[in-house]
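> no sequence for this one, just the structure:
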């Protein structure tokens with residue numbers, strides 16, 4: 001089911017979309033907008049899951065491996081995200097056993 005919405009775009013943006021996207025990658029402007037919204041939503045949902053996992057990891061409620069599972073990222077990507085947020089990575093015997101099991 002679809003709903004109809006009206007949006008206002010800068011004329012230059014509409015021209016660029018017509019020139020570079022419609023006919024090459026998309027059939028019409030509605031497809032471009034829908035795909036753009038899906039991508040933005042997915043990115044924000046990913047960011048939120050990383051923030052939640054980081055909060056739990058920082059409180060030592062979950063392991064790094066569990067954080068990776070929660071976010072849907074690899075362990076390396078999860079640790080990189082934590083590093084970007086200045087979160088100290090604690091890696092002890094428990095984590096080693098979990099990763100080698």
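Noted; the coordinates are in hand. Since we're looking at a predicted model, the values are computed, not measured.
> low pLDDT regions in the protein?
Where the chain drops to pLDDT under 70, the residues are 95-96, 99, 101.
> Where do the helices of it begin and end?
Counting by DSSP state H, the chain has helices at residues 11-20, 29-58, 64-71, 75-84, 93-100.
> Counting by contacts, list what the fourth one packs against.
For helix 75-84, the elements it packs on are helix 29-58, helix 64-71, judged by 3 or more Cβ pairs under 8 Å, 6 or more residues apart in numbering; DSSP states H and E. C-beta: built from backbone N, CA, C; applies to glycine.
> Looking at the ones you listed, which one is packed in the most?
helix 64-71 (a mean of 18; mean count of other Cβ atoms under 10 Å).
> Kindly calculate the angle that that helix makes with helix 29-58.
160 degrees (axes from the mean of the first three to the mean of the last three Cα atoms, to 10 degrees).
> contacting residues around helix 64-71?
Here helix 64-71 makes contact (Cβ atoms under 8 Å, 6 or more residues apart in numbering) with 46, 49-50, 52-54, 56-57, 62, 74-75, 77-79, 81-82, 89, 91, 95, 98-99.
> try 7 Å this time
49-50, 53, 56-57, 62, 74-75, 78-79, 91, 95, 98-99 (Cβ atoms under 7 Å, 6 or more residues apart in numbering).
> Make a markdown table from those and add distance to residue 23 to it.
Formatted as a markdown table, these follow (distance: Cβ to Cβ, whole Å):
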| residue | distance to residue 23 |
| --- | --- |
| 49 | 36 |
| 50 | 36 |
| 53 | 41 |
| 56 | 46 |
| 57 | 46 |
| 62 | 47 |
| 74 | 37 |
| 75 | 42 |
| 78 | 40 |
| 79 | 43 |
| 91 | 51 |
| 95 | 51 |
| 98 | 51 |
| 99 | 49 |
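> do you know which of the helices of the chain lies nearest residue 1?
Closest to residue 1 of the helices of the chain is helix 29-58 (Cβ to Cβ; 13.5 Å).
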